[in-house]
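S.K.: Here's a sequence, model it:
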Amino acid sequence: MREMKSYLGWKIDYGTPAGEPALHHPSSLQWRIFKNPVALGVGGVAAVLMEFADPRIRSGVWDHSTYKADPIGRSMRTGVAALLGCYGPASAARRVIQGVTNMHAKVAGATPSGETYRALDTELLDWVAATAGYGFVTAYDKFVAPLSEAEKTRFYRDGVVVARLYGAKETPTSSADFFRMMEARAERFEPHPIVEEFLTIIQSGKAAPGAPRFLHRALARAAVSILPPLVRRKLALGPRYDLTTRSWVALKVAGAVAERLVDRKSPACQASVRVGLPYDFLYRGAAEQARLLRVAGLGESAYANAAE
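M.R.: All right, here's what the predicted structure looks like:
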């Protein structure tokens, strides 16, 4: 039986309707990277840390979401939304993204210093999209498999389509773009006890129960380790968050195992079948993937038109 997911009351099925494209092409770096839970876990935590460097985003998330009361549920919903934007049928992805946007439209407030914010401020949406891109691509590069600068650029550029649906306007299309954006915002960045509280939640295992406590600590420190040095300094995340050699090796092994482990119920495998590819398409070599895409008639231009 096909595994079903739900998000905010909507049933999500990555396997149907048959033939419906996703927002990203199966040959995209998104399809390759998002299938790996180590890249998603480390990259997702790093993205949140970078978002929390901005007091407006930090206040918005902490004061208007369920993260404090329900870290497990909040993390799972965030993960489902990310996977849906990558692998889900385009119509379902657009529907859920619009639902998230509708929720964000109700979020407004003020930081402890009195600065007002709205969740739909494009400046904030731009930074959220940018940190997600940096987090996932950097985590995959460091803990799963090295990526060339050209591959990273492709990842950033392909990510623009989903970022735009969330309301972002100015999104980085390369690593250099990301660092320019970061440096332009750096004066706003600041440390805060909420950052430490968030890392405590991650290290406790509450956000992802079932894995050994050691791996939770390793994940949190790995996320800190891939932060740009400027952000880590601004957040005052000192040596106690340094990644040990043992933790680095454990995550590298976990990342390598996850890269080869085929789960037919996973979003990646279900989506592959939905668009007419073998369930293990993403676990085959590059030449074989290219052949399968030709046989299935999934050229990038035709696919892009179908996804619109």
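
S.K.: wait, residue 298 sits on residue 277?
M.R.: Yes - between residue 298 and residue 277 a contact is recorded at 7.4 Å, counting by C-beta atoms under 8 Å. Glycine gets a C-beta too; all of them are placed from N, C-alpha and C.

S.K.: okay, and the common contacts of those two?
M.R.: Residues within reach of residue 298 and of residue 277 at once, by C-beta atoms under 8 Å, 6 or more residues apart in numbering, are residue 26.

S.K.: Do you have the strands of the stretch 1-150 of the chain handy? List them.
M.R.: 5-7, 10-12, 108-110, 116-118 (DSSP state E, counting those that start in this stretch).

S.K.: In JSON lines: those strands, plus mean neighbour count and distance to residue 249.
M.R.: Output for the strands of the stretch 1-150 of the chain, formatted as JSON lines (neighbours: other C-beta atoms under 10 Å; distance: least, C-beta to C-beta, whole Å):
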{"stretch": "strand 5-7", "mean neighbour count": "16", "distance to residue 249": "32"}
{"stretch": "strand 10-12", "mean neighbour count": "15", "distance to residue 249": "35"}
{"stretch": "strand 108-110", "mean neighbour count": "14", "distance to residue 249": "43"}
{"stretch": "strand 116-118", "mean neighbour count": "15", "distance to residue 249": "41"}
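
S.K.: Which of the ones you listed has the lowest mean pLDDT?
M.R.: When the strands of the stretch 1-150 of the chain are ranked by mean pLDDT, strand 5-7 comes last with a mean of 65.

S.K.: Tell me where the model's unsure across this structure.
M.R.: 1-8, 66-76, 206-211, 302-308 (pLDDT under 70).

S.K.: if you set the cut-off to 90 instead, what comes out?
M.R.: 1-12, 61-82, 96, 100, 103, 198, 201-216, 299-308 (pLDDT under 90).

S.K.: Now residue 269. Nearest residue, chain neighbours left out?
M.R.: Spatially, and ignoring its direct neighbours in sequence, residue 269 is nearest to residue 279 (4.3 Å; C-beta to C-beta, 6 or more residues apart in numbering).

S.K.: was I right about the one you found contacting residue 271?
M.R.: No - when contacts are counted by C-beta under 8 Å, residue 279 is not listed as touching residue 271 (9.5 Å).

S.K.: So between those two, which is more surrounded?
M.R.: Comparing residue 279 with residue 271 by other C-beta atoms under 10 Å, the one with more neighbours is residue 271, at 28 against 18.

S.K.: Quick check: the gap between that one and residue 145.
M.R.: Distance of residue 271 to residue 145, given as C-beta to C-beta, to the nearest Å: 21 Å.

S.K.: buried ones in the biggest helix by length in the chain?
M.R.: Criterion DSSP state H: the longest helix present in the chain is helix 122-143. With burial defined by 16 or more other C-beta atoms under 10 Å, the residues of helix 122-143 counted as buried are 124-143.

S.K.: cool, and stretch 223-230?
M.R.: For stretch 223-230, burial by neighbour count (16+ other C-beta under 10 Å) applies to 223-228.

S.K.: just the helices in the stretch 151-300 of the chain please.
M.R.: With helices called from DSSP state H, counting those that start in this stretch, the stretch 151-300 of the chain shows them at 175-185, 193-204, 213-225, 229-235, 245-260, 267-274, 286-296, 300-307.

S.K.: Assess the claim that residue 225 and residue 242 are in contact.
M.R.: Yes - between residue 225 and residue 242 there is a contact at 7.4 Å, judged by C-beta under 8 Å.

S.K.: ok, now which ones touch the spatially closest residue to residue 167 that is not a sequence neighbour?
M.R.: Excluding the flanking residues, the one nearest residue 167 by C-beta to C-beta, 6+ apart is residue 125, at 4.6 Å. Residues counted as contacts of residue 125 (C-beta under 8 Å, 6+ apart) are 163, 166-169.

S.K.: Out of those, which is nearest to residue 91?
M.R.: Distance ranking of those against residue 91, using C-beta to C-beta, places residue 166 first at 16.5 Å.

S.K.: separation between the closest one and residue 202?
M.R.: Per C-beta to C-beta, residue 166 is found 23 Å from residue 202.

S.K.: So these two - more neighbours on which side?
M.R.: Taking other C-beta under 10 Å, residue 166 and residue 202 do not tie; residue 202 has more neighbours (23 against 20).

S.K.: The more buried one contacts residue 218, doesn't it?
M.R.: No - counting by C-beta under 8 Å, residue 202 does not reach residue 218; the two are 10.4 Å apart.

S.K.: roughly how far apart are residue 102 and residue 30?
M.R.: Computed as C-beta to C-beta, the residue 102 to residue 30 distance reads 24 Å.

S.K.: Could you do residue 269 as well?
M.R.: 15 Å.

S.K.: neighbour-wise, which of these two wins?
M.R.: Shown here are residue 269 and residue 30; by other C-beta under 10 Å, residue 30 has more neighbours (26 against 23).
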